[in-house]
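Asker: take a look and give me a structure for this.
(one chain, ligands or ions: 1)
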Amino acid sequence: MNGSKSKQLLAHNAALAAYFDDLLAPEKKRIVFGDGDPRARIVLIGEAPGEQEALLGKPFVGKAGKILDEFLEKTGLKREDLYITNVVKWRPTAVSKAGRTINRAPNREELALFLPWLQKELKLLQPAYIVTLGNTPLRAVSGLKSAVIGQYHGRMFPGGAFGAHFFPLYHPAAVIYNRSLRDTYLADLAAFAALLRRG
Ligand code: URA
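Answerer: Just a heads-up that it's a prediction; the model follows:
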């Protein structure tokens, strides 16, 4: 691991944890930091941790993570080749009518709170490629507030913010709810893998 980058990342995570300390306490929320090699050329960005991620303290280790792994395998990419993080780093929750704690989409306040930390994280990592998963990270990274993934998926955007090329994909969880997206997802990933091979 690159000593100085990993040290900077540790310092970044410590500062983030300190900043959110008071906000986390009332609900005993847990920060789920990015995970992987800070030297990775590819950074994957999801929306926010779910239940399993909050329990285990790692991004994409639940249902959506399994789908992500399956897709990565098909393109020959491994988790070890990547750094994976989320826009919002705690699990946004709501209480269902039945009284269960359930996931919800991050709200505007949460997005505004966490965005500057994601921006710092990306500046520090300086990846060659940023792969956004779904609308939330696409909007966060591109700055296009009303961008929709249906219009942007599967294409590389040269330049982009943070000096990296970015490549939007659907969120892997979308495939759970919409099986017909599976082929599109695979085609998009194959296109990304081909672009990587060309350098
Ligand atoms: N969905 C996300 O966007 N991120 C995770 O870490 C898990 C599920």
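
Asker: quick check: what element follows the helix or strand encompassing A54 along the chain?
Answerer: Per DSSP states H and E: A54 is located in helix 51-56. With elements assigned by DSSP H and E, the helix or strand that comes after helix 51-56 is helix 63-75.

Asker: in that following helix, what's buried?
Answerer: Neighbour counts over helix 63-75 (16 or more other Cβ atoms under 10 Å) mark 64-65, 67-69, 71-72, 75 as buried. For the C-beta atoms, the positions are set from N, CA and C on the backbone; glycine is no exception.

Asker: repeat that for stretch 146-157.
Answerer: Under the neighbour-count criterion of 16+ other Cβ under 10 Å, stretch 146-157 has 147, 149, 152-154, 157 buried.

Asker: over to stretch 86-95?
Answerer: 86-93.

Asker: can I get the residues you listed in a markdown table including secondary structure and pLDDT?
Answerer: A markdown table is the format used below for those (DSSP: H, G, I helix; E, B strand; the rest coil; pLDDT from 0 to 100):
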| residue | secondary structure | pLDDT |
| --- | --- | --- |
| N86 | strand | 98 |
| V87 | coil | 98 |
| V88 | coil | 98 |
| K89 | coil | 98 |
| W90 | coil | 97 |
| R91 | coil | 97 |
| P92 | coil | 96 |
| T93 | strand | 96 |
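
Asker: now N135. Nearest residue, chain neighbours left out?
Answerer: I149 (5.1 Å; Cβ to Cβ, 6 or more residues apart in numbering).

Asker: so how far is K97 from the residue of the chain found nearest the ligand?
Answerer: Residue of the chain nearest the ligand, by Cβ to the nearest ligand atom: G46 (2.8 Å). Per Cβ to Cβ, to the nearest Å, G46 is found 27 Å from K97.

Asker: K28 too?
Answerer: 23 Å.

Asker: ok, the closest residue in space to V87 that isn't next to it in sequence - contacts?
Answerer: Nearest residue to V87, sequence neighbours excluded (Cβ to Cβ, 6+ apart): A140, at 4.8 Å. For A140, the contacting residues are 45, 87, 111, 115, 118, 132, by Cβ atoms under 8 Å, 6 or more residues apart in numbering.

Asker: just the buried ones out of those residues, please.
Answerer: Looks like these have 45, 87, 111, 118, 132 buried, using 16+ other Cβ under 10 Å.

Asker: may I ask which two of these are separated the most?
Answerer: Using Cβ to Cβ, the pair of these lying farthest apart is L111 and T132, separated by 13.8 Å.

Asker: ok, which residues in this structure are in contact with the ligand?
Answerer: Applying Cβ under 6 Å from any ligand atom, we find that the chain lies next to the ligand at 46-50, 53, 59-60, 62, 64, 86, 173.

Asker: okay, now the unreliable bits of the protein?
Answerer: Scanning the chain for pLDDT under 70 picks out 1-3, 159-161.

Asker: now name the helix or strand holding the residue located most distally from the centre of it.
Answerer: What lies farthest from the middle of the chain is A98; by Cα atoms, centre = their mean that is 29.7 Å. A98 belongs to no helix or strand when assigned by DSSP H and E.
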